[in-house]
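Student: Quick one: sequence plus predicted model below, questions after.
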Amino acid sequence: MTTHLSLVRHGETDWNRQRRIQGSTDIPLNDVGRDQAAGAAELLARRRFDAVVASPLSRARETGAIIATRLGLAEPDTYAGLAERSYGDAEGLTDVEIRTRWPHDDVPGRESRTALLTRVTEQLAEIAIRFDGASVVVATHGAVIRSVVNAAAPGTADRHRTPIRNGSIHSFRWDPERFQAELVRFDDPIDDASDGPGGFAFEYQNPLERRG
């Protein structure tokens with residue numbers, strides 16, 4: 001059966017606001033981020049969901065918990081494969097600092113986009129099989145969502161109208177016959193409502209995603 005997955009980017013952190021690369025570093029939500037998570041929860045409450053799952057990083061885990069509480073669902077289980085892309089030695093640095101240290105964009109330890117997409121796709125497959133035929137909220141991260149959007153509809157996440165803001169919702173369905181995520185995002189108006197103006201776009205906060 002088809003499983004519906006609503007991927008939600010976590011709320012804002014202080015490093016998001018400072019434009020520091022977070023990646024696998026565990027930075028918590030700030031108060032703005034908690035408000036953004038609550039706003040996403042209100043939009044999601046227009047639909048029926050069966051479960052909430054999350055990345056183990058605290059900013060996504062807390063976002064998922066805020067959503068689960070609003071939806072009357074259990075605390076989210078966490079899945080390692082939903083964690084943000086690792087940016088290696090660039091984590092904690094700003095764009096200016098990164099360009100100064102690695103002018104040729106050869107950041108040591110950065111996870112490749114191919115490796116990211118492979119682990120995220122495998123993890124979403126596991127979740128879709130576990131919750132076969134259900135509707136699941138997945139609290140995760142900007143690069144994770146970007147990779148899935150572009151795999152399902154190449155180029156979509158690179159367009160200005162898809163900024164993947166904090167607290168934004170991106171709807172997919174899992175096709176068990178083809179064993180891949182199939183994009184349905186523009187069919188659901190809550191996606192567009194969640195990604196509207198009022199917050200920083202993912203690529204503004206994370207300039208490394210404009211590059212490799």
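Tutor: Thanks, I have the structure now.
Student: Could you confirm A151 falls within a helix?
Tutor: Yes - A151 forms part of a helix when assessed by DSSP: H, G, I helix; E, B strand; the rest coil.
Student: Quick check: pLDDT value at the closest residue to it other than its chain neighbours.
Tutor: Nearest non-adjacent residue to A151, counting by C-beta to C-beta, 6 or more residues apart in numbering: L117, 5.8 Å away. (Glycine included, C-beta is placed from N, CA and C.) Per-residue pLDDT puts L117 at 94.
Student: I'd assumed I145 was in contact with L117.
Tutor: No - taking contacts as C-beta atoms under 8 Å, L117 lies outside contact range of I145: 11.4 Å.
Student: Which one of those two is surrounded by more residues?
Tutor: Neighbour count, other C-beta atoms under 10 Å: between L117 and I145, I145 has more, with 24 against 18.
Student: which SS class is the more buried one?
Tutor: From three-state DSSP, the assignment for I145 is helix.
Student: Now do the same contact list for it.
Tutor: L7, R9, A157, I164, S168, H170 (C-beta atoms under 8 Å, 6 or more residues apart in numbering).
Student: rerun at 6 Å
Tutor: Neighbour list for I145: L7, R9, I164, H170 [criterion: C-beta atoms under 6 Å, 6 or more residues apart in numbering].
Student: Check the gap between the residue nearest the centre of the chain and D175 for me.
Tutor: Residue closest to the average C-alpha location in the chain (C-alpha atoms, centre = their mean): H141, at 2.8 Å. Between H141 and D175 the distance is 23 Å, computed by C-beta to C-beta, to the nearest Å.
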